[in-house]
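S.K.: kindly generate the corresponding structure for this input.
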Amino acid sequence: MLVVQNTPTAGPGRVGPWLRECGLRLEVVRAYAGEPLPGRLDRRALVVLGGGFLPYEDERAPWLPAVRRLVGQALRDSSPVLGICLGGQLLAHVAGGTVKGRHGEPEYGSTPIRLRAGARGDALFGELPAVTPAIERHVDAITELPPGAVWLADSERCPHQGFRVGERAWGLQFHPEATAAGIRDWDTGPLAARGLDRDRLYARALADEPVSTAAWRAFTHRFAREVASKP
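M.R.: As a prediction, the model looks like this:
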């Protein structure tokens, strides 16, 4: 499995160990540090992590064209894809959706993720509770899903929290890999400018963590099963 890391602080987090629990081997490419991305996936699964860029901001992140090519290749080959935050936005963009910067209301901290009708029977979302907390940290948003995408989840402030393209490519706006502890490293300045208190965000996420950990670990294991069943 290829994992693309786009910033130093947005690594695989707890999703990495959860995938390894299922026997998967992860090749993490730190694209932000200049590590080269492969020209081809060779039918491997693909995980694309978050980052503070839009999916088409090539001047700020010159490796993004290579990531977009890999996402497109995975879609053509029906290889499993999991896109998280920026990764989900990249999937939407490559598949024909629309992503806009600083759109709608930003989300920070533990946020209730709500299933939509399309989640019924989905390989990853179908077994989640109707509402599951997950950590958010974004100001950009998917404003239009790709043609034919299945809309899986939303939140109060952001309609496109989860979607699927084809049968095996999932995009998430939220962060299943993130933990409450990470919130303690967030810069308080931008939070205060939005009337948010870091300690309160941390306390809320910590209270939600037993539920969120169980749900997103099982979710990640279901993705691992999809990878294992790849032709």
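
S.K.: what comes up buried for stretch 99-116?
M.R.: With burial defined by 16 or more other Cβ atoms under 10 Å, the residues of stretch 99-116 counted as buried are 99, 104, 106-111, 113-116. Glycine gets a C-beta too; all of them are placed from N, C-alpha and C.

S.K.: so which of the residues you listed are in strands?
M.R.: Secondary structure from DSSP state E places 99, 107-111, 113-115 of those in strands.

S.K.: isn't there a strand covering residue 132?
M.R.: Yes. Residue 132 forms part of a strand when assessed by DSSP: H, G, I helix; E, B strand; the rest coil.

S.K.: what is the burial count for it?
M.R.: 22 (other Cβ atoms under 10 Å).

S.K.: show me what contacts the residue most central in space within the chain?
M.R.: Centroid-nearest residue in the chain: residue 84, 1.2 Å away (criterion: Cα atoms, centre = their mean). Residue 84 sits next to 15, 47-50, 172, 174-177 when contact means Cβ atoms under 8 Å, 6 or more residues apart in numbering.

S.K.: okay, residue 101: pLDDT?
M.R.: On the pLDDT scale, residue 101 is placed at 89.

S.K.: coming back round to it: tell me what the residue nearest to the centre of the chain is bridged to.
M.R.: Beta-bridge partners for residue 84, by DSSP bridges, are residue 172.

S.K.: let me know the closest of the ones in strands among the buried residues of stretch 99-116 to residue 202.
M.R.: residue 109 (8.0 Å; Cβ to Cβ).

S.K.: on the three-state scheme, the closest residue to that closest one other than its chain neighbours is what?
M.R.: Spatial nearest neighbour of residue 109, excluding adjacent residues (Cβ to Cβ, 6 or more residues apart in numbering): residue 201 at 3.7 Å. Judged by three-state DSSP, the three-state class of residue 201 is helix.

S.K.: was I right to think residue 201 contacts residue 107?
M.R.: No. Under the criterion of Cβ atoms under 8 Å, residue 201 makes no contact with residue 107, lying 10.8 Å away.

S.K.: now list whatever residues contact both of these two.
M.R.: Overlap of the contact sets of residue 201 and residue 107 (by Cβ under 8 Å, 6+ apart) is empty.

S.K.: and the lowest-mean-pLDDT helix or strand in the chain, which residues are buried?
M.R.: Using mean pLDDT, DSSP states H and E, the weakest-scoring helix or strand in the chain turns out to be helix 188-193, at a mean of 93. Of the residues in helix 188-193, residue 191 count as buried by neighbour count, 16+ other Cβ under 10 Å.

S.K.: for this structure, what are the low-confidence residue spans?
M.R.: Within the chain, the ranges that satisfy pLDDT under 70 run 230-231.

S.K.: now with 80?
M.R.: Residue ranges of the chain with pLDDT under 80: 103-104, 230-231.

S.K.: would you map the strands across the chain?
M.R.: Under DSSP E, the chain gives strands at 2-5, 27-30, 46-48, 81-84, 98-100, 107-115, 131-138, 141-144, 150-154, 162-165, 169-172.

S.K.: can you list the strands that the second one pairs with?
M.R.: Pointing back at strand 27-30 there. strand 2-5 (parallel).

S.K.: what does the strand it pairs with contact?
M.R.: If you take Cβ under 8 Å, 6+ apart as the criterion, strand 2-5 is touched by 11-12, 16, 26-32, 37-38, 41, 44-49, 67, 70, 87.
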